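[1] Task: produce atomic coordinates for the following.
(one chain, ligands or ions: 1)
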Amino acid sequence: MFTSIFLAALAAATLTRVWLAQRQIRHVRAHRDAVPGLFAGSIPLAAHQKAADYTVAKARLGVVDTLIDAAILLALTLGGVLQWLSDLWQRAFPPESIWHGTALILTVLLLRGLLGLPLSLYRIFVVEERFGFNRMTWKLFFVDLVKGLAVGTVLGVPLLLVVLWLMLAAGPLWWLYAWIVLAAYSVFLQMIYPAVVMPLFNKFSPLEDPALAGRIEGLLQRTGFRSRGLYVMDGSKRSSHGNAFFAGFGAAKRIVLFDTLVSRLQPAEVEAVLAHELGHYKLRHIVKGMVISWAFSFVLLLALGLLADKPWFHHGLGVDTVTLPIALLLFMLVMPEFTFFVQPLLSLFSRKNEYEADRYAAANADAAELVRALVKLYHDNSATLTPDPLHSAYYDSHPPAAMRIARLRTA
Ligand SMILES: [Zn+2]
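    Have a look, this model is predicted:
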């Protein structure tokens with residue numbers, strides 16, 4: 001019975017992903033030969049066509065990724081790979097133990113990571129390269145991979161051990177304690193990430209440009225925002241994408257601009273973009289997002305608490321061995337096929353926040369400068385100006401460029 005529910009969810013999610021990608025490809029191609037009126041003076045046809053081709057290439061890659069993921073999930077569960085790995089680790093550890101659970105979960109995560117590697121390499125060294133965005137070298141890719149694994153191990157394994165220990169030793173309310181641990185851990189990660197983890201991958205240097213620094217100081221004073229310094233990050237080391245920038249809030253509120261942003265935008269444009277980011281902070285979008293993710297993980301852990309010791313949950317997913325750690329692993333693997341259908345709501349929330357932050361930027365900086373900055377960023381990133389409306393509504397964290405600009409013009 002549960003096998004059918006799982007298969008139905010997997011099929012529905014996979015078909016929806018592929019269908020949305022096909023819609024996106026068709027829509028972008030249909031609008032490939034004319035720059036939308038709003039951008040006619042600012043984006044050349046060749047750039048518009050490059051953006052279309054880039055969007056189509058990414059959507060095609062997404063379809064391949066979707067199909068590979070579905071195949072891996074089926075092989076792990078109903079295909080019996082998980083049971084086989086569990087039997088293998090049972091030779092070393094008793095099945096209902098932290099060590100068996102940890103070994104099994106890490107093996108599966110590692111396996112999935114390895115199987116995903118060829119496609120990541122193809123994305124960076126073939127697709128991004130073809131469109132001229134890639135700055136990554138093979139050496140940097142593997143250095144990043146090793147560092148990422150090390151950081152993942154240091155930050156992830158202790159958390160996994162604590163959760164598994166709670167599952168096995170804390171009684172029927174283990175899921176509630178695990179939720180408290182996870183919520184606290186997410187705050188801890190937010191605090192240490194900009195100061196401890198990001199410097200492992202990027203260099204941060206104080207903002208040198210006095211004209212830009214002056215403008216930003218003015219903006220911070222106007223909005224009553226206190227920061228611990230302005231930094232520039234060497235994002236161009238990996239990609240020429242003008243990733244707007246991020247502001248490393250938390251205990252040490254540092255403002256960080258990507259070097260690609262500073263080099264491409266005029267100071268007034270950077271100021272407007274920064275005002276938008278400050279808007280996210282001032283309007284408590286970051287806190288709201290965190291509260292939503294806590295509520296979401298509460299529901300998921302409650303569900304896992306109810307499912308974890310049920311043999312039908314394990315058997316329905318192709319595993320005979322019934323243990324709580326295996327339930328956790330199955331849940332982590334299978335849940336995305338169900339939560340996929342919540343995605344449009346999260347996207348909607350995010351787009352609402354983007355409009356609010358734009359309004360904040362218009363009130364505290366210059367809306368016309370923000371429009372100019374957005375057009376440049378869309379141009380430089382080859383982001384499509386003509387996304388399929390349904391694809392955009394389902395996935396996009398940011399409203400389509402035309403809609404944002406239309407609202408900014410009337411702000
Ligand atoms: Zn934003």
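[2] pLDDT below threshold where in the stretch 251-400 of the chain?
    Judged by pLDDT under 70, the stretch 251-400 of the chain has its weakly predicted residues at 251-252.
[3] interface residues of the chain facing the ion?
    Applying the criterion Cβ under 5 Å from the ion, the portion of the chain that neighbours the ion consists of Glu354, Ala357. Placement of C-beta: from N, CA and C, glycine included.
[4] All the strands of the chain, residue numbers only.
    Residue ranges of the strands in the chain, as given by DSSP state E, are 204-206, 230-233, 247-248, 254-258.
[5] is it possible to export the ones you listed to a markdown table including distance to Thr137 and mean neighbour count?
    Written out in a markdown table, the entries for those read as follows (distance: least, Cβ to Cβ, whole Å; neighbours: other Cβ atoms under 10 Å):
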| stretch | distance to Thr137 | mean neighbour count |
| --- | --- | --- |
| strand 204-206 | 21 | 12 |
| strand 230-233 | 18 | 21 |
| strand 247-248 | 26 | 21 |
| strand 254-258 | 19 | 21 |
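[6] is it possible to export those strands to JSON lines including distance to Glu337?
    As requested, the strands of the chain are arranged in JSON lines below (distance: least, Cβ to Cβ, whole Å):
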{"stretch": "strand 204-206", "distance to Glu337": "39"}
{"stretch": "strand 230-233", "distance to Glu337": "35"}
{"stretch": "strand 247-248", "distance to Glu337": "33"}
{"stretch": "strand 254-258", "distance to Glu337": "34"}
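[7] For Trp175, which of those strands is the nearest?
    Proximity of the strands of the chain to Trp175 was assessed by Cβ to Cβ; the nearest stretch is strand 247-248, lying at 31.9 Å.
[8] For stretch 24-35, measure first residue to last.
    Start and end residues of stretch 24-35 are separated by 17 Å (Cα to Cα, to the nearest Å).
[9] One more: stretch 80-97?
    Its first and final residues considered, stretch 80-97 spans 21 Å by Cα to Cα.
[10] List the buried residues of that stretch.
    Neighbour-count burial for stretch 80-97 flags Val81, Leu82, Gln83, Leu85, Ser86, Trp89, Pro95, Ser97 (criterion: 16 or more other Cβ atoms under 10 Å).
[11] now stretch 366-381
    Under the neighbour-count criterion of 16+ other Cβ under 10 Å, stretch 366-381 has 366-367, 369-381 buried.
[12] Could you tell me which ranges of the stretch 101-250 of the chain sit under the pLDDT cut-off?
    Per-residue confidence of the stretch 101-250 of the chain (counting by pLDDT under 70) places the weak regions at 242-250.
[13] For burial, what's the neighbour tally of the nearest residue to Val342 once chain neighbours are set aside?
    Leaving aside its sequence neighbours, Val342 sits nearest to Phe296 (Cβ to Cβ, 6 or more residues apart in numbering; 7.9 Å). By the measure other Cβ atoms under 10 Å, the count of residues near Phe296 is 13.
[14] try Arg130
    Neighbour count of Arg130, defined by other Cβ under 10 Å: 12.
[15] With adjacent residues omitted, what lies nearest to it?
    Per Cβ to Cβ, 6+ apart, closest to Arg130 is Ala57, 7.5 Å.
[16] go on, Leu346?
    Nearest non-adjacent residue to Leu346, counting by Cβ to Cβ, 6+ apart: Ile292, 7.8 Å away.
[17] Would you confirm that that neighbour contacts Leu348?
    No: taking Cβ atoms under 8 Å as the contact criterion, Ile292 and Leu348 are not neighbours in contact, 11.8 Å apart.
[18] Can I get stretch 323-343 in CSV? Just the C-alpha atoms.
    Listed in CSV are the C-alpha atoms of stretch 323-343, where the atom choice follows Å, rounded to 0.1, in the frame of the first residue of the first chain:
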residue,chain,number,x,y,z
THR,A,323,15.2,0.4,12.9
LEU,A,324,14.7,4.1,13.8
PRO,A,325,17.9,5.3,12.1
ILE,A,326,16.9,3.5,8.9
ALA,A,327,13.5,5.3,9.1
LEU,A,328,15.3,8.6,9.4
LEU,A,329,17.3,7.8,6.3
LEU,A,330,14.3,6.7,4.3
PHE,A,331,12.4,9.8,5.4
MET,A,332,15.3,12.1,4.2
LEU,A,333,15.4,10.3,0.9
VAL,A,334,11.6,10.1,0.2
MET,A,335,10.3,13.3,1.7
PRO,A,336,11.4,15.7,-1.1
GLU,A,337,9.0,14.0,-3.4
PHE,A,338,6.1,15.0,-1.1
THR,A,339,7.3,18.4,0.0
PHE,A,340,7.9,19.3,-3.7
PHE,A,341,4.3,20.3,-3.8
VAL,A,342,4.7,22.9,-1.2
GLN,A,343,7.3,24.7,-3.3
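[19] Any figure for the gap between the nearest residue in space to His31 that is not next to it in sequence and Ala34?
    Spatial nearest neighbour of His31, chain neighbours left out: Thr386 (3.8 Å); criterion: Cβ to Cβ, 6+ apart. Using Cβ to Cβ, to the nearest Å, Thr386 is found at 9 Å from Ala34.
[20] of these two, who's got more company?
    In terms of neighbours (other Cβ under 10 Å), Thr386 is the more surrounded of Thr386 and Ala34; the figures are 24 against 11.
[21] tell me the contacts of the more buried one?
    Contacts for Thr386 (Cβ atoms under 8 Å, 6 or more residues apart in numbering) come out as His27, Val28, His31, Pro36, Ala52.
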